[in-house]
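Colleague: This is the structure alone, sequence omitted:
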């Protein structure tokens, strides 16, 4: 958290100072103290005239990489101005924060900000990338903000590169290889890669180095420190950037080896990952060794440890053997620009209720395969030009998996769109087993489950202090058997709030089981097509649940909710007891 000093020039600025002190957890200091506190705070906010601000800080300024952020706010809080260290020191972001707290417009004069361009000087730090340049940074920034032709080479994929692809300015061209960066065509090159590249001298280059490589090391007992230089040479010979190493990995018995200690010191941003012989022996590697197995109890140290650290990713450098060492380098597959499958939760139905991340995944997908019988097609309308959008409603599981694999093998980005949250009564288990079997990279983006939509649409808090603190998500026993310990009548003993999925068709059995434990006048709700345009919600008592469902011809897309939390406002007063005074103390004081 930033340490922020607030300088109130006059009494008229007291209101603004108080708001900012609370919002930023700031410290009020005197103008006369600024010089002595200049190096202690990350940011200074002057409340008063700009001239006073400038005259105060002018003698203290040294370099934009060292100076704190400085922001000036007029006495009445109408204007917030970024004064010093806009990008590097964070003054621009602080200006936006202060302006939003006061409900006014920020004043930022940085060209790249106002032009909607990337802040190249802070992009590395923001994404935890190492930054290197072939010329001074000001030249690079000038060419970029002047919109000179720029080549962008992306070797890896992470949140930073996804943002770059999504917000790419028109003067930037994404290239597939360094060979495509030709002098004359481009005046600037930006590279995001863990590899070392050498471009023509005439092209200024900015390289961001993501820390994505895991280096496994095997060592002879008390290997000499001279091994260090050989390891560095091996990495550079294979074009790995030393700053791309995120972890040094080896067997636990080598933790105190001098070479390991030295590597930790030199690669200070890298973690040390240690594994037991038993853990390493379970990893299948391309070059096992009987000699290594004899001495340390596992056929591989460097390859196996690199693979474990990379979540069983891809070996970029199989075992290389030196006199007293072996090394291997691997990368987590999530960082590779290869095929990828994102399993996305679509939410309960309303297209506005998909997560921001889920929407972004849909916008970048080459293939969207959505559960057509449960997910409205409107959710897929944000797809990019040329994307394939298919409903899986009439497709067998094998067809779905083969279609996704076809796109995956071509290096494409696939979104498998499921209703609600895919991990709650979803159908992703078999798909994930297929992906695992074929070594396919995938990830899950959660979604808003229909039980949350039910609480919202019922305007009910499903957990009420001292009454019910548990929500049970379950289903009735239809064609899919329920585990013996999860029979509805057993779960009902707690009389918690119960949300019952996929059970409208067997509502008679559901009601019969629930009545074994819940009182017959327990509130219930049958929620059909939650958040869809044709949403319908029926309230009643448990004794009438089956009648409600039958009389209204409700189908499988119905959530059944049972419990006294429905429409319950009786517990509200408990929030204002002496145990909860923190919730209303501020309002009372005002």
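Modeller: Great, that's in hand. Please read these numbers as outputs of a predicted model, since none were measured by experiment.
Colleague: Let me see the contact set for the closest residue to residue 541 other than its chain neighbours.
Modeller: Among residues not flanking residue 541 along the chain, residue 521 sits closest, at 4.9 Å (CB to CB, 6 or more residues apart in numbering). (Glycine included, C-beta is placed from N, CA and C.) Residues counted as contacts of residue 521 (CB atoms under 8 Å, 6 or more residues apart in numbering) are 541, 542, 543.
Colleague: tell me which element residue 521 is part of?
Modeller: If you go by DSSP states H and E, residue 521 is not part of any helix or strand.
Colleague: Quick one: the helices in the stretch 101-250 of the chain, in order.
Modeller: 111-114, 120-126, 137-145, 159-166, 227-237 (DSSP state H, counting those that start in this stretch).
Colleague: for stretch 328-336, the distance to its chain's centre please.
Modeller: In terms of CA atoms, centre = their mean, to the nearest Å, the centre of stretch 328-336 is found 18 Å from the chain centre.
Colleague: With stretch 79-99 instead?
Modeller: Its chain's average C-alpha position is 25 Å from that of stretch 79-99, according to CA atoms, centre = their mean.
Colleague: Let me know the average pLDDT across that stretch.
Modeller: Averaged over stretch 79-99, pLDDT sits at 90.
Colleague: List the contacts of stretch 229-236.
Modeller: Contacts of stretch 229-236 (CB under 8 Å, 6+ apart): 196, 215, 217, 242, 245, 259, 263, 320, 322-323, 325, 327, 329.
Colleague: Flag the shaky bits of the stretch 201-350 of the chain, pLDDT-wise.
Modeller: For the stretch 201-350 of the chain, the stretches flagged by pLDDT under 70 are 269.
Colleague: now the strands: where do they sit in it?
Modeller: Using DSSP state E, counting those that start in this stretch, the strands assigned to the stretch 201-350 of the chain run over residues 205-210, 213-219, 245-251, 271-275, 314-321, 325-331, 340-345.
Colleague: any chance of those in JSON lines, plus mean neighbour count?
Modeller: As requested, the strands of the stretch 201-350 of the chain are exported to JSON lines (neighbours: other CB atoms under 10 Å):
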{"stretch": "strand 205-210", "mean neighbour count": "24"}
{"stretch": "strand 213-219", "mean neighbour count": "27"}
{"stretch": "strand 245-251", "mean neighbour count": "25"}
{"stretch": "strand 271-275", "mean neighbour count": "17"}
{"stretch": "strand 314-321", "mean neighbour count": "18"}
{"stretch": "strand 325-331", "mean neighbour count": "25"}
{"stretch": "strand 340-345", "mean neighbour count": "24"}
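Colleague: would TSV of these with distance to residue 99 be doable?
Modeller: Conversion of those to TSV gives the following (distance: least, CB to CB, whole Å):
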stretch	distance to residue 99
strand 205-210	29
strand 213-219	40
strand 245-251	36
strand 271-275	38
strand 314-321	45
strand 325-331	41
strand 340-345	34
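Colleague: was I right about residue 448 contacting residue 344?
Modeller: No - here residue 448 lies out of contact with residue 344, judged by CB atoms under 8 Å, at a distance of 11.7 Å.
Colleague: so what's in contact with those two at the same time?
Modeller: Both residue 448 and residue 344 are contacted by residue 354, under the criterion CB under 8 Å, 6+ apart.
Colleague: what two of the contacts of stretch 229-236 are the furthest from one another?
Modeller: 196 and 323 (24.8 Å; CB to CB).
Colleague: The two: which has the busier surroundings?
Modeller: Neighbour count, other CB atoms under 10 Å: between residue 196 and residue 323, residue 196 has more, with 16 against 10.
Colleague: How about that one: what's its closest non-neighbour residue?
Modeller: Excluding the flanking residues, the one nearest residue 196 by CB to CB, 6+ apart is residue 239, at 4.9 Å.
Colleague: Same check on residue 315?
Modeller: For residue 315, ignoring the flanking residues on the chain, the nearest one in space by CB to CB, 6+ apart is residue 330 at 5.0 Å.
Colleague: If the one you found is in a bridge, with which residues?
Modeller: residue 214, residue 315 (DSSP bridges).
Colleague: Which residues are in contact with it?
Modeller: Going by CB under 8 Å, 6+ apart, residue 330 touches 213, 214, 216, 303, 306, 307, 309, 310, 313, 314, 315, 316.
Colleague: Adding mean neighbour count and distance to residue 280 as columns, could you present the helices of the stretch 101-250 of the chain in CSV?
Modeller: Formatted as CSV, these follow (neighbours: other CB atoms under 10 Å; distance: least, CB to CB, whole Å):
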stretch, mean neighbour count, distance to residue 280
helix 111-114, 15, 48
helix 120-126, 18, 34
helix 137-145, 17, 43
helix 159-166, 15, 31
helix 227-237, 15, 20
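Colleague: between these, which gets nearest to residue 533?
Modeller: helix 159-166 (29.9 Å).
Colleague: ok, now how distant is the closest residue in space to residue 84 that isn't next to it in sequence from residue 141?
Modeller: The shortest distance from residue 84 to any non-neighbouring residue, by CB to CB, 6+ apart, is to residue 70 (3.8 Å). Separation of residue 70 from residue 141 (CB to CB, to the nearest Å): 21 Å.
Colleague: what does residue 214 give?
Modeller: According to CB to CB, residue 214 and residue 141 sit 33 Å apart.
Colleague: ditto for residue 274
Modeller: According to CB to CB, residue 274 and residue 141 sit 42 Å apart.
Colleague: can you check residue 511 too?
Modeller: 69 Å.
Colleague: How about residue 367?
Modeller: 38 Å.
Colleague: Go ahead and confirm residue 518 touches residue 492.
Modeller: Yes - with contacts counted by CB under 8 Å, residue 518 reaches residue 492, the gap being 5.7 Å.
Colleague: which residues are in contact with both of the two?
Modeller: residue 562.
Colleague: and residue 423, what helix or strand is that in?
Modeller: Of the helices and strands defined by DSSP H and E, none includes residue 423.
Colleague: Low-confidence stretches in the stretch 51-200 of the chain?
Modeller: For the stretch 51-200 of the chain (pLDDT under 70), the answer is 111-115.
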